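Q: A structural model of the following input is requested.
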Amino acid sequence: MQDAVRNVCDLFGIDPYSSISEGTLILTCRPHKAKEVIRRLGDKGIPASMVGRSWSLGMGCATSKTEHPVN
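A: Got it, this is the predicted structure:
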């Protein structure tokens, strides 16, 4: 197991052996906390970036390029 995977799982209290991933974790947080989450992961040597946003149910999803809902 990669150190970064172990560190993220430890940070968020996730059992790495019961989650399915290929070394990638997608997580959500409140928009005003995003920079802090990215910074704190970086402080632990874990590369992180914002890749999109979520909206209320029925609004669709967005990419970081458009930041507009996609149905």
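Q: and the spatially closest residue to S19 that is not a sequence neighbour, helix, strand or coil?
A: Once flanking residues are discounted, S19 sits nearest to C9: 7.4 Å by CB to CB, 6 or more residues apart in numbering. (Glycine included, C-beta is placed from N, CA and C.) Recorded secondary structure, C9: helix (DSSP: H, G, I helix; E, B strand; the rest coil).
Q: burial measure for C9, as a count.
A: 18 (other CB atoms under 10 Å).
Q: tell me the contacts of the residue positioned nearest the centre of the chain?
A: Closest residue to the average C-alpha location of the chain: L27 at 3.1 Å, with CA atoms, centre = their mean. Residues near L27 by CB atoms under 8 Å, 6 or more residues apart in numbering: 12, 37.
Q: Repeat the analysis, applying 6 Å as the threshold.
A: Taking CB atoms under 6 Å, 6 or more residues apart in numbering, we find L27 in contact with no residue.
Q: For it, report the pLDDT, please.
A: Here the pLDDT value assigned to L27 is 85.
Q: That one: helix or strand, and which one exactly?
A: Under the criterion of DSSP states H and E, L27 resides outside all helices and strands.
Q: Would you list the phi and psi of it?
A: phi -130, psi 160 (degrees, to the nearest 10).
Q: Which parts of this structure are helices?
A: 3-12, 34-43 (DSSP state H).
Q: Do me a favour and average the pLDDT over the last one.
A: Across helix 34-43, the average pLDDT comes to 92.
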